[in-house]
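Q: fold the following and give me the result.
(4 chains, ligands or ions: 8)
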Protein chains: 4
Amino acid sequence: MKVVFIGDIVGNVGRDAVKRLLPWIKNKYQPHIIIANGENAAAGRGINAAITRDLFDWGVHGITMGNHTWDNREIFEFIDDEKRMIRPANLPPGTPGRGYTVIKAGSKELALVNLIGRTFLPPSECPFRAADDILEELRGRTKCILVDFHAEATSEKIAMGWHLDGRASLVVGTHTHVQTNDDRILPGGTAYLTDAGMTGPRDGVLGMDRDSVLHKFLTGLPTRFQVADTKWILSGLCVEIDDSTGRATKIQKIRVDEDSWIAE
Amino acid sequence: MKVVFIGDIVGNVGRDAVKRLLPWIKNKYQPHIIIANGENAAAGRGINAAITRDLFDWGVHGITMGNHTWDNREIFEFIDDEKRMIRPANLPPGTPGRGYTVIKAGSKELALVNLIGRTFLPPSECPFRAADDILEELRGRTKCILVDFHAEATSEKIAMGWHLDGRASLVVGTHTHVQTNDDRILPGGTAYLTDAGMTGPRDGVLGMDRDSVLHKFLTGLPTRFQVADTKWILSGLCVEIDDSTGRATKIQKIRVDEDSWIAE
Amino acid sequence: MKVVFIGDIVGNVGRDAVKRLLPWIKNKYQPHIIIANGENAAAGRGINAAITRDLFDWGVHGITMGNHTWDNREIFEFIDDEKRMIRPANLPPGTPGRGYTVIKAGSKELALVNLIGRTFLPPSECPFRAADDILEELRGRTKCILVDFHAEATSEKIAMGWHLDGRASLVVGTHTHVQTNDDRILPGGTAYLTDAGMTGPRDGVLGMDRDSVLHKFLTGLPTRFQVADTKWILSGLCVEIDDSTGRATKIQKIRVDEDSWIAE
Amino acid sequence: MKVVFIGDIVGNVGRDAVKRLLPWIKNKYQPHIIIANGENAAAGRGINAAITRDLFDWGVHGITMGNHTWDNREIFEFIDDEKRMIRPANLPPGTPGRGYTVIKAGSKELALVNLIGRTFLPPSECPFRAADDILEELRGRTKCILVDFHAEATSEKIAMGWHLDGRASLVVGTHTHVQTNDDRILPGGTAYLTDAGMTGPRDGVLGMDRDSVLHKFLTGLPTRFQVADTKWILSGLCVEIDDSTGRATKIQKIRVDEDSWIAE
Ligand SMILES: [Fe+2]
Ligand SMILES: [Fe+2]
Ligand SMILES: [Fe+2]
Ligand SMILES: [Fe+2]
Ligand SMILES: [Fe+2]
Ligand SMILES: [Fe+2]
Ligand SMILES: [Fe+2]
Ligand SMILES: [Fe+2]
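A: Ligands and ions are numbered 1, 2, ... in the order given. Predicted coordinates for the structure are as follows:
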C-alpha cells in the first residue's frame, strides 16, 4: 500500500495548504491512506473539533499529535470518541484518548502509533518500551505499522528507528518543524525519516511570526507568538509498504511550497 | 565564488570519508574554498593537531567547531596559533582561540564565523548580538561571509537565518548531525540550511555505536560511546556567492554515502 | 546597620503576611532598611503598581525581582521610573528597569543588586561578570551591598557567595521558595544564605494550590495554578553590617508562620 | 522509634565526619536506626565496596543513593547482594539493585524507600506512582517508612511530601547538598524536610573545590572537580516515629560543623 504522511500542520496557513494540495497529492502519489500530524492545526496550538472534521473531510484518514495535544481544551470533549485521532502513547496512565489505532481505508489497514520523546521535553513514560508493548499488542493484527515519533533530539529519533527496524513499516519523526534529508530504508525493512517537517507558513520560524520569535531571542521579554502570515510550505513523505510483509519498499520526501507548486 | 561546507566530521570513519571524497568533491563542485566542522573529528570528541594538519593537507581551508571544542585537550596547545580554525565566538571573554577569521585561497577571501546556540545547550553569550558585532567588524573587509551556527533547536537556527538575511552569504547550522531539507536562499540573499548533517558512520546514532546509544536510552546506565564501525556518509553543501555583493546565488545540499558513491 | 530581607512574596496571602508582620519585625529586629523580593506578589506572577505602592507604604524600602518580573504587564508602565525596584542586572542590554540601585533610609545607604542564574533557567548574561561590573561601579559610593541572586541551582548560588566574599555585605538567594539552613558569614565578611524562602501560603507547593501541582506532576495535563488559600509563612533574614567596612557581623534567618506567630 | 538520617556523604572529608561524629550522634539522639545517603561517598562520585563496609561498621544501618549511583563501577559487583543499600526505585525495569528494603535493628523495623525526581534530571519512571506501588507492597508489613526523594526542584519534593502525607513516616529530600529550613510534620503525620543537606567539605561548592567550580561557571572550559580539602559539615535530621501508627511525632534538623563540634 502507499501511505502519505503530512508533517505538523500549523494554523490556517497550514490548513489551507492541506486543503489545496490534497487533490494534487492524491493524484501524484495515489496513496491508499493519508495521515497528518495535527498538533498545531488550531492557531499553532492544539486542534479543535471543526478542524478535525475538516481534515477528515478533505481526505485525511488519521491524525497524530504531540506535545501540543492539549493546548486547545476543546480536544477533551472529543478525543475519547474519535478513533482516528491518536496522542502520544507514552503519556501517563489515565491520559484521555489513545496512543495507537488501526486506520481502515478501502481494503487497506494501517496501524498508527504515536510516541513522544523525553530528551528536551517534559517527563513521560519510556517511549522505547511503550513501542515494544504496542507492537506486541498489534502482532497478528496488521503488519503495516506507521510510527510518528514526536521528539526533539535527533539521537532519540534515530535510536527509535534502529529500535523498531524490522518491526514497523515507517518510523517518521515530527516536532522540529524542519524536514530532514535522511530518508532511507533501514536494513530490516523500516522506512525512516528523522523529521517530516512542517505544513504551514514558509517564512516564519516554525510557522510563527519571525519578528516575534527574534524579539523573544533578543530580549527574553514576554512575547505573543502568532501564526505567520506568509506563503505556505507543505512537508511530508510517501512510503510504499509491502502489505504481505509490512516492509517498506520505497520512501520519498514531499516538500512543496506555494511558489514551486504554482509553477507546476 | 563557490564554497563547499562539510558537516561535523566524526572520528576515523568521517575522516576517511573526507579524505576519499575530497578529490571527487573538488572535481564535481569546483569550490574555491572548502570549510569543515571538526568538533567530532578525534574519536567523536574534539580534534587534535595531527587531524587538523591532515584536514588542511587534504584541501580543507578552514575549520569550525562547536560544543565539543575542548573535548580533546590537545587543542589548547595550538588553537591560539591556528588562524584557520575557529570556535564559537560567543563563548565567554578570555576563551582561547578566535570566533571568526578570514580565509584566503587563491584570489578569494571568505570571512568565517562560528556561533553556538543557547537553547538546550550550556550558557553562553547572546549569539545574535555576537553576530551583529562580528559583522560590524567585518564591514568593509569582505562581503562573502559564512556563518556556522552550531545549535540544537530549529527555532534558534531559523531565527538566526532571518536575523542575518542580507548580511551573511550563508548561514548553515551544525550539531544535530542530521542534514535538513530546507535549503533555500532567503529574500535578502542569504543562503540557509538548518543543519548540514554529519560526515561519519552512516549506521550509528549521530556517528556513535547504535547498540550503546540504545542501551543508554533503555537503561540510563553509564555507557561508553564509541564511533560506530559502519559505512560512511558525507553531508554538506555547496554555495555559490556573488563576490561583488556577497549574495548567494545557489545552494545545493551534498549527501553521499559509501554505497551510492561507489556506484557512481 | 541592620537590614531585613523578605523572601519571595506570593499573592494576597503573602502580602497579608507582610502587612501584618512588618510592625512585629520592625520591633523585634529594629532594621534600618527592609528589602523584599516581589516577583510573585501579584497572584503569584509578577507585580503591579498598587501592590508596589502598598509594599512601600508598609515600610519596605526596596524591591527585587526575578524570572517572573514581566508576568504582570503593568510593570512596564512604572519600572523605569521606580528607582526603589530592581530586576536582574544580567538580563539583555536594553531591558527596561535597572539591575542595581542605592536605597536610602534615614542616614543609612545600602546598594541593592539583583542577579539571575543561568542553570535550569532561560539564557541571560553571565551573572558573575555582571556582579563584577556592578561592584566596580559601586566602588567608592557605598560599602554596604546586598545581592539578591535569584537562581535555581545550589551550586551556582554557593559559587556566587564565594565569588563575592569580601566584596558584598550579603549574598542571599531567592527563587526556590524554600528557606535553606546554611546561613553563615564567609571568611571575607560576606553574610550568605542559599535561599531566603517564600512569604506566602504555608500549605501549598511554592505558594500555589497543592492539588493542582500534584495533578500536573501526575498527569502532565494543562493545569491552572492559583495561589493556595492556606495559612501563611513569612521567610527572610536579618543581617547586621558594619557600616564602615561593609562586612557583615551577624546573620539570622527569619521563619514565622501564622500559627507560631499567633502563639507568641 | 528514633531514626537519624545523614545527608549525601561527600568523599573522604564526609566519611571522616561520619566516622568521628557517629558516636556523638548515637549518644545525643539515641537513634534505633541510622540511614545515610552514600551517592557521593567515593571521591564525590558513587560508592565502592570498602566504603560501604566502613559505613555499616561505623553504625549506619541502611544506605540510599541517587543520580550518582553508578559513577563508581564497583557498585555493579555488590549492589544485588547488599540488601541494606537501595537505589532510586523509579529507574527503568531491569536496573540492578533494589528501590526499597526493610531495615532491621534490634526489635525495630523501618522500610526504606529511594526515589529520584524528573525535573532538571534525566528521564525516569513517575516517582509518584512508584511511591504508590511500593507503599501498597509494604502495606501490612511495616508502618514505619522513610522515603529519600533525591530531586532537584523544590516543587517536586514538596509535592511528594503532600502526596505521601499520612502514608510515610518521613519524606526527606537529598541531592541539592544544602539543608533546608522547612522541617515540619504535615497534617497527616508525615515528617518532611525538602533537603537534608550534605555531609562533606564545608567550604567548597556542594563539597567540591570551589575554585574549580567558579572556573567552570566563568569560562565554561572543561574542569576537573575534586572533593574540597576543607573542614567538614555534617547535615541530617532525627525523626521520632510512633511505631504503632507510623506517624512522626518529632523532627529535628542536624547541622554540625567541625568548628562548632569541637567547641562542644
Ligand atoms: Fe509541531
Ligand atoms: Fe511538537
Ligand atoms: Fe557534532
Ligand atoms: Fe555539537
Ligand atoms: Fe519566586
Ligand atoms: Fe523565581
Ligand atoms: Fe549528592
Ligand atoms: Fe545527587
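Q: so for the helix or strand containing A:Glu240, what's the average pLDDT?
A: If you go by DSSP states H and E, A:Glu240 is part of strand A:232-241. Average pLDDT, strand A:232-241: 98.
Q: okay, now the sheet partners of it, with direction.
A: Here strand A:232-241 is paired, per DSSP bridges, with strand A:2-6 (antiparallel), strand A:200-201 (antiparallel), strand A:248-257 (antiparallel).
Q: tabulate these (CSV), appending mean pLDDT and mean neighbour count.
A: Backbone N, C-alpha and C define where each C-beta goes, glycine included. Putting those into CSV (pLDDT from 0 to 100; neighbours: other Cβ atoms under 10 Å in any protein chain shown) gives the following:
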stretch, mean pLDDT, mean neighbour count
strand A:2-6, 98, 26
strand A:200-201, 98, 30
strand A:248-257, 97, 18
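Q: for C:Ile25, find the nearest of those.
A: Closest to C:Ile25 of these, according to Cβ to Cβ: strand A:200-201, at 54.8 Å.
Q: does that closest one reach ligand 1?
A: No - Strand A:200-201 lies apart from ligand 1 when judged by Cβ under 5 Å from the ion; the minimum separation is 9.0 Å.
Q: would you mind pulling the contact partners of that strand?
A: A:8-11, A:13-14, A:17, A:40, A:177, A:207-208, A:227-233 (Cβ atoms under 8 Å, 6 or more residues apart in numbering or on different chains).
Q: what sits against the residue in the stretch 1-150 of chain A positioned nearest to ligand 5?
A: Nearest residue of the stretch 1-150 of chain A to ligand 5: A:Pro122, at 20.8 Å (Cβ to the ion). Listed by Cβ under 8 Å, 6+ apart, the contact set of A:Pro122 reads A:67, C:220.
Q: also A:Glu74?
A: A:42, A:46-49.
Q: ok, the residues you listed vs D:Leu164, which is closest?
A: Checking the contacts of A:Glu74 against D:Leu164 by Cβ to Cβ gives A:Gly46 as the nearest, at 33.5 Å.
Q: phi, psi of that closest one?
A: Main-chain dihedrals, A:Gly46, degrees, to the nearest 10: phi 80, psi -160.
Q: do a quick rundown of the helices in chain A.
A: All helices of chain A, identified by DSSP state H, fall at A:11-29, A:49-58, A:75-78, A:127-138, A:154-164, A:210-219, A:258-263.
Q: shaky segments in chain A?
A: Counting by pLDDT under 70, chain A shows low-confidence ranges at A:263-264.
Q: in it, what residue lies closest to ligand 3?
A: Closest point on chain A to ligand 3, by Cβ to the ion, is A:Thr154, at 10.4 Å.
Q: if I pick the nearest residue to A:Lys231 once chain neighbours are set aside, what's in contact with it?
A: Of all residues not flanking A:Lys231 in the chain, A:Glu258 sits nearest, at 3.9 Å (Cβ to Cβ, 6 or more residues apart in numbering or on different chains). Residues counted as contacts of A:Glu258 (Cβ under 8 Å, 6+ apart) are A:17, A:202, A:231-233.
Q: kindly report the same for A:Lys216.
A: Taking Cβ under 8 Å, 6+ apart as the test, what A:Lys216 contacts is A:223, A:225.
Q: picking that back up, now, of the contacts of A:Glu258, which are buried?
A: Among the contacts of A:Glu258, those scoring as buried are A:17, A:202, A:232-233 (criterion: 16 or more other Cβ atoms under 10 Å in any protein chain shown).
Q: so how far is ligand 8 from A:Ser155?
A: Between A:Ser155 and ligand 8 the computed distance is 24 Å (Cβ to the ion, to the nearest Å).
Q: and that residue, how far is that from ligand 2?
A: The gap separating A:Ser155 from ligand 2 is 17 Å, by Cβ to the ion.
Q: count of residues packed around that residue?
A: When neighbours are defined as other Cβ atoms under 10 Å in any protein chain shown, A:Ser155 has 20 of them.
Q: try A:Thr230
A: So A:Thr230, with other Cβ under 10 Å, has 16 neighbours.
Q: do any residues in stretch A:144-159 lie close to chain C?
A: No - with Cβ under 8 Å from any Cβ of the partner chain as the criterion, chain C is not reached by stretch A:144-159; the gap is at least 13.8 Å.
Q: before we move on, back to that, distance to ligand 1 added to the buried ones among the contacts of A:Glu258, as a markdown table?
A: Output for the buried ones among the contacts of A:Glu258, formatted as a markdown table (distance: Cβ to the ion, whole Å):
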| residue | distance to ligand 1 |
| --- | --- |
| A:Ala17 | 15 |
| A:Arg202 | 15 |
| A:Trp232 | 15 |
| A:Ile233 | 14 |
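Q: what's the farthest-apart pair in the residues you listed?
A: Spanning the widest gap among the buried ones among the contacts of A:Glu258 are A:Ala17 and A:Arg202, at 9.3 Å by Cβ to Cβ.
Q: re the thing from before, look up how far A:Phe225 lies from the residue nearest to A:Lys231.
A: Here A:Glu258 is placed at a distance of 22 Å from A:Phe225 (Cβ to Cβ, to the nearest Å).
Q: buried residues, stretch A:192-211. List them.
A: Within stretch A:192-211, the residues that count as buried by 16+ other Cβ under 10 Å are A:192-210.
Q: same deal with stretch A:140-148?
A: Neighbour counts over stretch A:140-148 (16+ other Cβ under 10 Å) mark A:142-148 as buried.
Q: for those residues, which one is nearest C:Ala111?
A: A:Asp148 (55.2 Å).
Q: what are the bridge partners for the closest one, then?
A: Beta-bridge partners of A:Asp148, as defined by DSSP bridges: A:Asn114, A:Val172.
Q: residue contacts, it?
A: With contacts defined as Cβ under 8 Å, 6+ apart, the neighbours of A:Asp148 are A:5, A:35, A:37, A:64, A:112-115, A:172-174.
Q: re the thing from before, closest to ligand 6 out of the helices of chain A?
A: helix A:210-219 (18.4 Å).
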